[in-house]
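**Student:** Starting from these lines, generate the structure:
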Amino acid sequence: MDLKIKGKTALITGGDSGLGIETAKFLVREGVNVVLSDKEDNEGLQNAVDQVEKECEQGASVKGIAADISNNDEVLKLAEQIDKEFGGAHIIYHSAGARGAADDFLKLTDDDWMKTMEVDLMGAVRVARAFIPQMQKLKWGRMILVSSENAFQPYEEESPYNACKAGIINLSKCLSRAYSKENILFNCISPAYIETPMTDAMMEELAEERDCSVEEAVDWFVKNKRPHIAMERRGKPEEVASVVAFLCSEHASFINGTNIRIDGGSVESAFG
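**Tutor:** Alright, predicted model coming up:
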C-alpha cells in the first residue's frame, strides 16, 4: 500500500531499538526521511541508523541525532537542527519512555515519581511543544504518542508509570482538539508486553529472581502476570510498527484523538 507520505520527514524518539527501529523501516520504505533520536550518541544509535539505512527506498534518508527528552534545551536543539536540515518534521512518533520506579506505593518517594514523570509524561509535553510549530508551518502533521495497557489496566507495583501513561492519552486528546483544524492529527497507541529492550530487561531480572531461563520467565510472566493476553505471547515490534506507519499516512486522515490498543487482548474490559 502506498501510504502517500513520500518525501516527508519523520522524527522517532526512542529510536535506537525496538519499536523505533521497526517503525523507521516501514517509513523509509515509503520514501520518508527519518531522524532517529535517543538519549545518547552512542554505538546503539549508530547501529540503529545502519539497520534502517539498508531499508531506504524512493530517495529516503536516515540520520541519528542524540537528545535527552528530559532536558528541554536538548529537545529545542533537536527541533532546531531538524528544521535547519529538513525544513521541519511532518511526522513525530514519540516512542521514548522508561518503566521508571516500580515498588510498593508506600515505598515510592517524590523523587521516584518525578524521575518517571520527567521521561514518560513531560518528555511527550516537551516534544509536542517543540515540534507543533513546525507542523503548523508545513500545514500538515501526524503525531503519535505511546501510552500503554497500564493506562487502562494498571499494575499495582508500577503506579508512576500507570499514571503517566494515562496522562499521555489525555494529552493526545487535548492536542487533537486544539490543532486538528490546522491539518495536524494526534493519536495514541497502547501496546502491551511487546518484545522491547524494556520488557527484555524486566524478563532478565525475573529470570534471575526465579533462577530460570529468560524464555521460562516469559512463559511464567504471561501465565501469571498477564493472563488476559488471549494470544499467550509477547507482541512483536513489527506488529506495533505497522499500525504506527498507517497512522502516519494519508489513509488515516480521519483518525484523530483516538487511542489504539495493540495488546493481544491483554486489557480485560471491552470498553477500556
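
**Student:** And the pLDDT at the residue lying closest to Ile168 once chain neighbours are set aside?
**Tutor:** Nearest residue to Ile168, sequence neighbours excluded (C-beta to C-beta, 6 or more residues apart in numbering): Ser147, at 4.4 Å. Placement of C-beta: from N, CA and C, glycine included. pLDDT recorded at Ser147 is 96.

**Student:** Surely Ser147 touches Lys165?
**Tutor:** Yes: contact criterion C-beta atoms under 8 Å: Ser147 and Lys165 qualify, at 4.6 Å.

**Student:** overlap in contacts of the two?
**Tutor:** Ser190 (C-beta atoms under 8 Å, 6 or more residues apart in numbering).

**Student:** For the residue nearest to the spatial centre of the chain, which residues are in contact?
**Tutor:** In the chain, the centroid-proximal residue (C-alpha atoms, centre = their mean) is Ser95; its distance is 2.0 Å. Going by C-beta under 8 Å, 6+ apart, Ser95 touches 12-15, 18-20, 23, 146.

**Student:** now, among those, which is nearest to Asn71?
**Tutor:** Nearest to Asn71 among the contacts of Ser95: Thr13, at 12.7 Å, using C-beta to C-beta.

**Student:** So that closest one sits against Val127, correct?
**Tutor:** Yes: with contacts counted by C-beta under 8 Å, Thr13 reaches Val127, the gap being 6.2 Å.

**Student:** how about low-confidence regions in the stretch 151-272 of the chain?
**Tutor:** 272 (pLDDT under 70).

**Student:** And the helices in it?
**Tutor:** 159-179, 197-210, 214-224, 237-247 (DSSP state H, counting those that start in this stretch).

**Student:** Any chance of CSV for those, columns distance to Asp2?
**Tutor:** Below are the helices of the stretch 151-272 of the chain laid out as CSV (distance: least, C-beta to C-beta, whole Å):
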stretch, distance to Asp2
helix 159-179, 25
helix 197-210, 32
helix 214-224, 37
helix 237-247, 12
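
**Student:** Any idea which of those gets closest to Thr109?
**Tutor:** helix 159-179 (10.4 Å).

**Student:** Does anything pack onto that closest one? Which helices or strands?
**Tutor:** In this structure, helix 159-179 packs against helix 110-120, helix 122-138, strand 141-146, strand 184-191, with contacts taken as 3 or more C-beta pairs under 8 Å, 6 or more residues apart in numbering; DSSP states H and E.

**Student:** tilt between it and helix 122-138?
**Tutor:** If you take axes from the mean of the first three to the mean of the last three C-alpha atoms, to 10 degrees, helix 159-179 sits at 20 degrees to helix 122-138.

**Student:** residues contacting the closest residue to the residue nearest to the centre of the chain other than its chain neighbours?
**Tutor:** Residue nearest to Ser95 in three dimensions, not counting chain neighbours: Gly14, with 3.8 Å by C-beta to C-beta, 6+ apart. By C-beta under 8 Å, 6+ apart, Gly14 lies in contact with 20, 37-38, 94-97.

**Student:** how about stretch 77-95: buried residues?
**Tutor:** Buried residues in stretch 77-95, counted by 16 or more other C-beta atoms under 10 Å: 78-79, 82-83, 86, 88-95.

**Student:** Among the residues you listed, show me the least confident.
**Tutor:** Lowest pLDDT among those: Ser95, 93.
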